[in-house]
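1. Okay, here's the prediction I keep looking at, along with the sequence it came from:
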Amino acid sequence: MLCLGVWQVGFRKGGIQLMGPLGRRTQLEVVLAGLLLASLFALFGCAVALGIHPARNLCLTEACVTVASKIVEALDRSVDPCQDFYQYACGGWIRKNPLPDGRSRWNTFNSIWDQNQAVLKHLLENATFNSSSEAERKTRNYYLSCLNEQRIEELGAQPLIELISKTGGWNITGPWDKDNFMEVLKTVSGPYRAQPFFTIGVSVDPKNSNSNVIQVDQSGLFLPSRDYYLNKTANDKVLKAYLDYMVELGMLLGGEKNSTQVQMREILEFETALANITVPQDERRDEEKIYHKITIAELQTLAPAVDWLDYLTSALSPLELNDTEPVVVYAKEYLQQVSDLINKTDRSLLNNYMMWNLVQKGVPSLDQRFENAQDKLLESLYGTKKRSCAAEEMINEIRAAFKDSLDNLGWMDKQTRQAAKDKADAIYDMIGFPEFILDPKELNDVYDGYDVSDDNFFQNMLNFYNFSARVMADQLRKPPNKDQWSMTPPTVNAYYMPTKNDIVFPAGILQAPFYAHDHPKALNFGGIGVVMGHELTHAFDDQGREYDKDGNLRPWWQNSSVEAFKNRTECMVDQYNQYTINGEHINGKQTLGENIADNGGLKAAYHAYKSWVQRYGEEKRLPAVNLTNDQLSPLLTKTTQITK
């Protein structure tokens, strides 16, 4: 059971600490480093005794020797890098790091995340924990309630059974007395955030980045993508496992086997109907095309099966709304079709489907039987079970390299090029963690109104859904907070937010192998530098380029440059369409943004490193690796590539 979740509400910009517990070496690493260092010094002594002088440009600090040993271990020198660079760069690491139990993949992101989780676990379980911050005490109580397996097992399915009863009952497990579509929809998708049929939220208006707006989009599928439902031959095993999972949960909650099987199959067929009208992700990349701002009254005409004013007023309580309230719709055709689907579907099936969505929100906080059922489904899906200010300088160096590269784009007109440079200059960077988390009063204010006990994990989850719904509603009448974070400090990742034109690098990723203050610059530029370049390039990928320097969705490129850009991206789509993973071709259109960012990020980071060398001179080389610093940078990139 995952107990180390950290809530993401209202993070604001702050400083950064690069050293501390997360940066310490393990005892084993120190021993290995010492042995290698001793060996190198022994060789150095022999060389001097024989009158042979070692190369003066080798870096023999402890940090250089340690990282050199790791690089040597990660390489597969039996492979020609020109033939298979991935195997050359990662073959040794893959051999020495077999896939851990319970994992479908393993890389440096996973490894560092585990380290960060271990640190959080130690802090929360520390017997001397005595914080003056109410918010920190809530965090610990939440964690302890998750650890209290005895209490969770004692409660069994009862918390969810009571919630189902409170919501009006479920035909699968007993009588249901609320043949009232709107009341159930409001309850399920409001305070409990289940959101069947469609998602609603409050976020920055892409075409007016100084204000927040209600946003509505398609939703409703439990499996990861529509293809699982529509490609039945290829996904027969997954669909069978999903149906088995549905039936098992229904029976655990009191359903009779035959009746549960019949009704769960109907729910699966309804989800398949939703999948049929869901727009594929690769057709939703042009945000200018899918953005539609309409009023609630116009939304009512578009999708009349739902009383939208009643629904949105309930979801965003206590705000007062009227039918002239603007709403940004991202799936206009889908909403029209889902309205038709709702109108022609039996009310008992709609109720069953909505309650199934509610059940999914409660399952993660129930007893071991529910966790076991979930594990079996995850195993069929992923082949595994689930498991419970130097940086600022580098960003500026990479930003400068990126801007310089714009001058070499012969296809981009002068006006667009200058506007792109202005946008790059306007990108707002947030590094490490938001400052408010260091102030107990500010931290308490953020989580004021969220009630947590140390012995009821299920209720803590429900309270948080309700709390987050109130926080979301509260944003509608306020201007967007540019300093708000969408990732927590321990997260091993980074992101670019187009509506704010900002890039964020949590403290979790600001450690080796991505960054270490005593590592050669070549490694830092090849690690965190490529991450920075990747996120910066997202501002100019096929989606990010549609937003201007202020975060507004509007045309700011000259038409000639737009056409030239599209021609070049089509070439990249075709290139990536040729690549296969496990025999299946990549969808180059769907992955276009990441592919642009990967290529642009590596290029920007490499040129930034070369500029650094021009200013400060060549670095000493790592011992035993037998690679130049130019070769080291992309080598490290291969093993630490960013994911969105």
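-> Happy to help now that I have it. Residues are numbered from 1 along each chain as shown.

2. mind giving me the domain split of this protein?
-> Per automatic domain parsing, the structural domains of the chain span 21-107, 145-382, 390-434+489-639.

3. Rebuild these as TSV, extending it with distance to residue 443.
-> No exception for glycine: its C-beta is placed from N, CA and C like everyone else's. As requested, the domains of the chain are exported to TSV (distance: least, CB to CB, whole Å):
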stretch	distance to residue 443
domain 21-107	20
domain 145-382	20
domain 390-434+489-639	10
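
4. Tabulate these (CSV), appending mean pLDDT.
-> Output for these, formatted as CSV (pLDDT from 0 to 100):
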stretch, mean pLDDT
domain 21-107, 66
domain 145-382, 93
domain 390-434+489-639, 91
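
5. residues in contact with residue 453?
-> Residue 453 makes contact with 141, 145, 459, 460 under the criterion CB atoms under 8 Å, 6 or more residues apart in numbering.

6. Quickly note the distance from it to residue 459.
-> 7 Å (CB to CB, to the nearest Å).

7. Please name whichever of the domains of the chain is nearest to residue 471.
-> Closest of the domains of the chain to residue 471 is domain 145-382, at 9.4 Å (criterion: CB to CB).

8. now the end-to-end length of that closest one.
-> Domain 145-382 has an end-to-end distance of 28 Å (CA to CA, to the nearest Å).

9. Buried only: go through the contacts of residue 453 for me.
-> 141, 145, 459, 460 (16 or more other CB atoms under 10 Å).

10. Which two of those residues have the greatest separation?
-> 141 and 459 (11.4 Å).

11. still on that earlier bit, just the ones in helices from the contacts of residue 453, please.
-> 141, 145, 459, 460 (DSSP state H).

12. which among the residues you listed gets closest to residue 255?
-> Once CB to CB is applied, the member of those that ends up nearest residue 255 is residue 459, at 23.6 Å.

13. quick one, strands of the stretch 251-400 of the chain?
-> 292-295, 326-329 (DSSP state E, counting those that start in this stretch).

14. which other residues reach the first one?
-> Strand 292-295 is contacted from outside by 205, 207, 213, 302, 323-330, 332, using CB under 8 Å, 6+ apart.

15. Repeat the analysis, applying 6 Å as the threshold.
-> 324, 326, 327, 328, 329, 332 (CB atoms under 6 Å, 6 or more residues apart in numbering).

16. Please produce a markdown table containing the residues you listed, extended by distance to residue 541.
-> Output for the contacts of strand 292-295, formatted as a markdown table (distance: CB to CB, whole Å):
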| residue | distance to residue 541 |
| --- | --- |
| 324 | 35 |
| 326 | 28 |
| 327 | 27 |
| 328 | 21 |
| 329 | 24 |
| 332 | 24 |
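
17. all strands of this protein, in order?
-> 198-205, 208-218, 292-295, 326-329, 428-432, 495-497, 502-506, 580-581, 584-585 (DSSP state E).

18. Can I get the second one in CSV? Just the C-alpha atoms.
-> By that I understand strand 208-218. Extracted in CSV, the C-alpha atoms of strand 208-218 (Å, rounded to 0.1, in the frame of the first residue of the first chain):
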residue,chain,number,x,y,z
ASN,A,208,-6.3,34.6,-21.0
SER,A,209,-3.5,33.5,-18.7
ASN,A,210,-4.4,36.2,-16.1
SER,A,211,-7.6,34.4,-15.1
ASN,A,212,-8.9,31.0,-14.1
VAL,A,213,-11.8,29.4,-15.9
ILE,A,214,-14.0,26.2,-15.6
GLN,A,215,-12.7,23.5,-17.9
VAL,A,216,-14.6,20.4,-19.2
ASP,A,217,-13.0,17.5,-21.0
GLN,A,218,-13.7,13.9,-21.9
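
19. tell me which residues in it are buried?
-> Buried, per 16+ other CB under 10 Å, within strand 208-218: 208, 209, 212, 213, 214, 215, 216, 217, 218.

20. same for that strand, what does it pack against?
-> Judged by 3 or more CB pairs under 6 Å, 6 or more residues apart in numbering; DSSP states H and E, strand 208-218 is in contact with strand 198-205, strand 326-329.

21. List the neighbouring strands of it plus their orientation.
-> Strand 208-218 has its sheet partners listed here by DSSP bridges as strand 198-205 (antiparallel), strand 326-329 (parallel).

22. and the strands of the stretch 251-400 of the chain, which is most packed in?
-> strand 326-329 (a mean of 20; mean count of other CB atoms under 10 Å).

23. And the contacts of that one?
-> So strand 326-329 is in contact with 213, 214, 215, 216, 292, 293, 294, 296, 299, going by CB under 6 Å, 6+ apart.

24. And it, how far out from the chain middle?
-> How far strand 326-329 lies from its chain's middle: 25 Å, per CA atoms, centre = their mean, to the nearest Å.
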